[in-house]
Every structure is written in structure tokens, then in C-alpha cells.
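**Student:** Sequence first, predicted coordinates after that:
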Amino acid sequence: MSAETSEMLEGTPLIKPSTTDHPLYEDVVAACRSVFDPEIPVNIYDLGLIYTIEISDENEIEVIMTLTAPGCPVAQDMPGWVAEAIEPLPGVKTVNVEITWDPPWGMDMMSDEARLELGFM
């Protein structure tokens, strides 16, 4: 079996990697941390709702995120809140926020800070 065939069988990661080496990355993360799920007193980044932050060489930002549940009452509003938090950052050209349900969110995706805040540690 060729290496290419082997890679195809293994599949791609469920969560696309973020562009962590881009100069805007930390500012985008900070902007995401300013957005809160209204039902949970923890920001959406530490809750583990932000799966991918991809930043192009032209500073176009793509965010792939999820919600705690498909029936989340703010499902229609949350992507706009995230985009509104990121758009004002200096140098940002465009922002696109996409919701995904794959993989589904789980409590194991929360940061230690979120777990502590919610009393799970």
C-alpha cells in the first residue's frame, strides 16, 4: 500500500488545525474570549466551542465553531457575535464564522479554567 493510500485510509483530523503561527492569532483568540454563551458564565473559547481559527496571508479569518447543543437558543446569533468581536481588530480583512456539529461538543473540550469556573475541578 502506498503512503498516499495509507493517509487516505487514516482520514483527516475531525478538527482542522488553527493558524497558530499567524501574528493575529492571539488577538483573535482574545476576541473570541470576549464572547460568552448566555446560559453558561464562561467564554466560548474556554468552553471549547471554537474548533478552528484559520488566518490567510491576506488576514482573512475563517472560524469554525460549534455550540453546546443543536437546540441552543442563540444558535442563529452566536456566529454574528463572534464575527463582531473579531472584525474590529487592526489588520483584519474579512471574518467568516461557520457552525459545525462534527465533532459534537463535549465537556472534555473545556479548558481547565472553564472547568474550575463551573465547579468541575
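**Tutor:** Done, it's in.
**Student:** what sits against the residue most central in space within the chain?
**Tutor:** In the chain, the residue lying closest to the centroid (Cα atoms, centre = their mean) is residue 50, at 1.5 Å. Residue 50 makes contacts with 29, 32, 44, 63-65, 82, as judged by Cβ atoms under 8 Å, 6 or more residues apart in numbering. For glycine as for every other residue, the C-beta is placed from the backbone atoms N, C-alpha and C.
**Student:** ditto for residue 103
**Tutor:** Contact analysis of residue 103 by Cβ under 8 Å, 6+ apart lists 14-15.
**Student:** For the chain, which segments are assigned as helices?
**Tutor:** 3-10, 25-32, 78-86, 112-117 (DSSP state H).
**Student:** show me the contacts for the nearest residue to residue 91 once chain neighbours are set aside.
**Tutor:** Closest residue to residue 91 apart from its sequence neighbours, by Cβ to Cβ, 6 or more residues apart in numbering: residue 59 at 5.2 Å. Residue 59 is in contact with 24, 91-93, counting by Cβ under 8 Å, 6+ apart.
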